[in-house]
Every structure is written in structure tokens, then in C-alpha cells.
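> no FASTA, just this:
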Ligand SMILES: [Zn+2]
């Protein structure tokens, strides 16, 4: 083992030198490991071994081969404690004492192209206000390079705050080149990106969608083992943008032919409830379909979603702050029919960019509802926990994005998408409860290390491979162009 060089910068250099080696090994030692794997739970004073792009083993004293290690089975080679001891030979060792290792967060829905417009309407009135200014306004003048700038900025910011997987609901695909730019932006950041492609709502566009999905799949998503995956993005009804973008049997067939999942946005209220029932009748709900928001749906719609194993992406802050239908994130409704939802950021034009905000907002809103409903009645409380919202933000998000076997928990055999969180920083010391520290105590400043597929993307508190000054001038130039060009 190369333990001689223990400075962070030195370790990063070693990791970088090995980055192309498919057998490279990193051993994190002495950490509190919040696996979010239901079987592994939380391990104290333990080690985690990364080999290549995957997690090879987790357990105490991996270097000495002590018992209790949980190793990967199958093709990766290491299995159990003895295999792990062998596997650590040549590993770059990272002293992780005083830290929590946790799975990277998974965002199940964000419109990344809007990032250079972030917080431009912090007090937006309602959905109509957002739609008219953004989708009917700014979106119509976006060039491919604006798609690239916004999407890259969103993905880098996601990595900085510990989101290792981001579903980009890219609904401004005005031309092929707009789609290319959004995909290349994800690729250039090294995030585990899900490009969910949809045509735009308003203005002139090439009408290349959804046919262009076939080209995109061939050109960018041909491997089963790559960071980027493809989904179809679509809307619940034709109320906002007409029938072209509305989910139904025809789009479902296109997605099935391509072997990709479907993420459906703007699922709320009576019209969407009726749509959900018709999708159930057509047999086009299921685990490969994600319904986003799901506010104000009827109990019949929820029943159909639960019975079909359909996934749900909640957007707690946009539901509440923009006021979508009932404005109440539908976590109780989902849990009642057996659906554990993922969480999502949605639009940065009016909302925070990070997953901590989503977890805390959902926790506070649900517990407020539960206590309020029982207040003065002596009735039972049914409250979600910090563990629940962390599960939603990690493992359930991965499942929702169709990546449940790939990421979302620290499990031997899964990809090494993990966070190094400082548990003894000013705002977190002393470490009393690791889940509490992650959900309620931490923020982006405490995440000093982020690995995606075993590659460092943030180290020593800095997002890697970003020239901030150059980024700032690109973002500013794009923002100026978009704001000063009359809507088409
Ligand atoms: Zn959305």
C-alpha cells in the first residue's frame, strides 16, 4: 500500500495517475459508513474498498482481512474478508476517520438547461407565471451553446453538493444540436447523468422529437456500462403544450422499442388523474415509468400507480413554493400504496439547487401535516423519519431513475458513487447520529470528496476540472444573450 503520502493533494495526484487503470484501488479507512443498503446498515470505524469503478468491499479492518467484511460476489473477484485483504494490495489509502461515507444523492428530475437563469424569479406567483416567462419566453431563444452552458453549470453544482446522479429533464430540445449540447455537457462533467429528452413547449422548433431519440440512442448511449443513460421525457396531458408531448400508447411504444424508461412531468390534478387511469387501462404504467410531482391525484389514480409498480419523483419545494395543485408533496399518498418515492430539484429559477433542501423540506412538511391532523384528537401520528428522506434521496432515487442495481447505496458490486462528509466540522461536531448529521446537519461545505464511478469529481472541498473564472464568463455571456433576445 502507498501510505507514505497522506496529504490530500498527494492522494489526489495518485488517484489521477491511476485514473485510466481499470484495476485501480482506493481504500478508505476508519470511517462511519452509512451504506443505505438495507442489509448492511451503518458501520462504525470501518473501511471501504473501491476497485476500478465499483465498490469491492465494505467492513472493519479490510487491510488485515478481519472477519465481518462484506465483499462483492461474482465477476469483480473480491469476495468476503479474505478476498478483500488480497484486494487492498496496491491501494491508495485515504484516512477517512472523522468522516461519514455515504452514497451520492440521486436527483430524479431537474431542468438543467435553466441554470444560467437560476433564482431569476425567487417569488414566482404560480405555475402559469413560470411557464410563460421561462418556457414560452427564455426557452425559445436558447441556442445549443446555451443548452450546454446551463446543463454543465447545473451538473457541476450538483456534484459540488453531493448529487452524483442527475436526471436532466431536458425539455428544450429545439433541434438535434440542442440535444447534442445537453448530452455533451453532462458527459464533460463526469456526473452519472440521465438525459431525459423532450421537445419544447413553445416557439419554433424542428419537430425532430421523438424520432430523434433513435439517433441519440445510437450515437451516445450504445454501451450498457457507461455513466450516461437515456430516457424519454414527456408530459401528463396536452393542457400545456398540445398533444405532441403528452404521454400515451404511441410514445410508450417508441420508448419500449428503444428499451428506455419514461419520465412524465406535470402530473397533477383531475386531468392527470384521468390520464393515469387511461394509462393503466392501456398497460403503459410500470417500474420503467416515473410520474413527477403527483400532487392532487385521486385515490383511484394512486391505486393504479401502486398496483403497477410505477415510480414517483416528488419535488417537495416546487410543489410547495410554486403551488402545484394542492401544493402538498404527496409522500403519504405514495407510501399508502407501497411506492417509496425519489426526490427532485425541478427548476433552479425559483428554488434551491441541492438535495439537503429537498430532504429537510419534505421531512418538515410531512411531519407538520401528521401532527396537525392529529392535533387535539389524540389520534395516532404517522411520521416519516430522517432515514426515510435519506432513503428517498439515494436508493429510491436510483430505482426511480432505472439505476437501482447501479447506484444509490454503498453495496459491494455497485458503482462507487460516494461522498466523503466531514462529521467533525464546526457545524457537525460531535458525531452523535450519522443519519441525523447527514440529513439535518450537513451541507455542501462538509462534502469534501465526491466519487462518481470511482473517479474523484470533488476533492479537498473543490470540484475538479473547472476553471471557475472561465465558467463564470461563459455563464454570464449566455445569460446576457438569453435575457436580451426577444422571445421567438
Ligand atoms: Zn419539471
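That came in fine, so what should we check first? Note that the coordinates shown come from a computational prediction; the quantities given were computed from them, not determined experimentally.

> alpha carbons only for contacts and neighbour counts from here, please
Noted.

> pLDDT score assigned to residue 174?
Residue-level confidence at residue 174 comes out at 98, pLDDT.

> so what's the backbone phi/psi at the residue lying closest to it once chain neighbours are set aside?
Excluding the flanking residues, the one nearest residue 174 by Cα to Cα, 6 or more residues apart in numbering is residue 205, at 4.7 Å. Main-chain torsions, residue 205, degrees, to the nearest 10: phi -150, psi 170.

> residues near residue 205, how many?
The tally of other residues near residue 205 (other Cα atoms under 10 Å) stands at 16.

> So it sits against residue 178, correct?
No. If you go by Cα atoms under 8 Å, residue 205 and residue 178 don't touch, sitting 10.4 Å apart.

> For the longest helix along the chain, name the packing helices and strands.
The residue-count maximum for a helix in the chain (DSSP state H) belongs to helix 355-374. Secondary-structure packing of helix 355-374 (3 or more Cα pairs under 8 Å, 6 or more residues apart in numbering; DSSP states H and E): helix 316-318, strand 342-343, helix 386-391.

> Residues in contact with the helix or strand following the first one: which ones?
Moving toward the C-terminus from helix 316-318, the first helix or strand encountered (DSSP states H and E) is helix 331-336. Helix 331-336 is contacted by residues 302, 306, 312, 314, 340, 341, 366 when judged by Cα atoms under 8 Å, 6 or more residues apart in numbering.

> residues near the last one, how many?
Each residue near residue 366 was counted by other Cα under 10 Å, and the total is 21.

> Looks like it contacts residue 383 (just checking).
Yes. Using Cα under 8 Å, residue 366 is in contact with residue 383, at 6.9 Å.

> Okay, now the unreliable bits of this protein?
Regions of the chain meeting the criterion pLDDT under 70 cover residues 1-7, 65-86.

> make it 80
Counting by pLDDT under 80, the chain shows low-confidence ranges at 1-8, 64-87, 241, 488.

> Kindly confirm my reading that residue 253 is in a strand.
No. Residue 253 is assigned helix when assessed by DSSP: H, G, I helix; E, B strand; the rest coil, not a strand.

> and it, how many neighbours?
There are 12 residues near residue 253, going by other Cα under 10 Å.

> separation between it and residue 270?
Here residue 253 is placed at a distance of 25 Å from residue 270 (Cα to Cα, to the nearest Å).

> same deal with residue 51?
Counting by Cα to Cα, the gap from residue 51 to residue 270 is 50 Å.

> neighbour-wise, which of the two wins?
Higher neighbour count among residue 51 and residue 270: residue 51, with 27 against 15, using other Cα under 10 Å.

> Excluding chain neighbours, what is closest to the more buried one?
Nearest non-adjacent residue to residue 51, counting by Cα to Cα, 6+ apart: residue 25, 4.5 Å away.

> Out of the helices and strands packed on helix 355-374, flag the one nearest residue 220.
When the helices and strands packed on helix 355-374 are compared by Cα to Cα, strand 342-343 sits nearest residue 220, at 25.6 Å.

> hmm, who's touching the closest one?
106-109, 311-316, 355, 358-359, 392-394, 396-400.

> for stretch 13-20, same thing?
Contacts of stretch 13-20 (Cα under 8 Å, 6+ apart): 24, 26, 92, 455, 456.

> ok, residue 192 - contacts?
Counting by Cα under 8 Å, 6+ apart, residue 192 has contacts 164, 165, 166, 186, 227, 228, 452, 453.

> quick check, nearest of the contacts of helix 331-336 to residue 151?
Among the contacts of helix 331-336, residue 314 lies closest to residue 151 (Cα to Cα), at 21.0 Å.

> residues in contact with that closest one?
Taking Cα under 8 Å, 6+ apart as the test, what residue 314 contacts is 292, 293, 294, 329, 330, 331, 341, 342, 343, 344.

> before we move on, the earlier item: go ahead and confirm the residue nearest to residue 51 touches residue 56.
No. With contact defined as Cα under 8 Å, residue 25 does not reach residue 56; the gap is 9.0 Å.

> so what sits against both of those two?
Contacts common to residue 25 and residue 56, judged by Cα under 8 Å, 6+ apart, are 49, 50.

> Pick out whichever of the two has more residues nearby.
A direct count of neighbours by other Cα under 10 Å for residue 25 and residue 56 places residue 56 higher, at 33 against 27.

> Return the list of helices and strands in contact with the strand or helix carrying the more buried one.
Per DSSP H and E: residue 56 is located in strand 54-59. Counting contacts by 3+ Cα pairs under 8 Å, 6+ apart, strand 54-59 is packed against strand 42-51, strand 70-71, helix 80-87.

> can you give me the offset of that strand from its chain's centre?
22 Å (Cα atoms, centre = their mean, to the nearest Å).

> Could you do stretch 251-269 as well?
18 Å.

> what comes up buried for it?
By neighbour count with 16 or more other Cα atoms under 10 Å, stretch 251-269 contains the buried residues 251-252, 254-255, 258, 260-269.

> same deal with stretch 466-480?
Within stretch 466-480, judged by 16+ other Cα under 10 Å, the buried ones are 474, 475, 478, 479.

> is it true that the third one touches residue 151?
Meaning residue 478. No. Shown here, residue 478 and residue 151 do not form a contact pair, counting by Cα under 8 Å, at 11.9 Å.

> Quick check: residue 379 vs residue 11, distance?
Taking Cα to Cα, one finds residue 379 at 55 Å from residue 11.

> Please identify which of the two sits among more neighbours.
residue 11 (20 against 11).

> how far out from the middle of the chain is whatever helix or strand the more buried one lives in?
In the assignment (DSSP H and E), residue 11 maps to helix 8-17. Averaging C-alpha positions (Cα atoms, centre = their mean) puts helix 8-17 27 Å from its chain's average.

> Pairing partners for the helix or strand following that helix, with directions?
Sequence order places strand 25-34 as the next helix or strand after helix 8-17, per DSSP H and E. With DSSP bridges as the test, strand 25-34 is paired with strand 42-51 (antiparallel), strand 92-95 (parallel), strand 99-103 (parallel).
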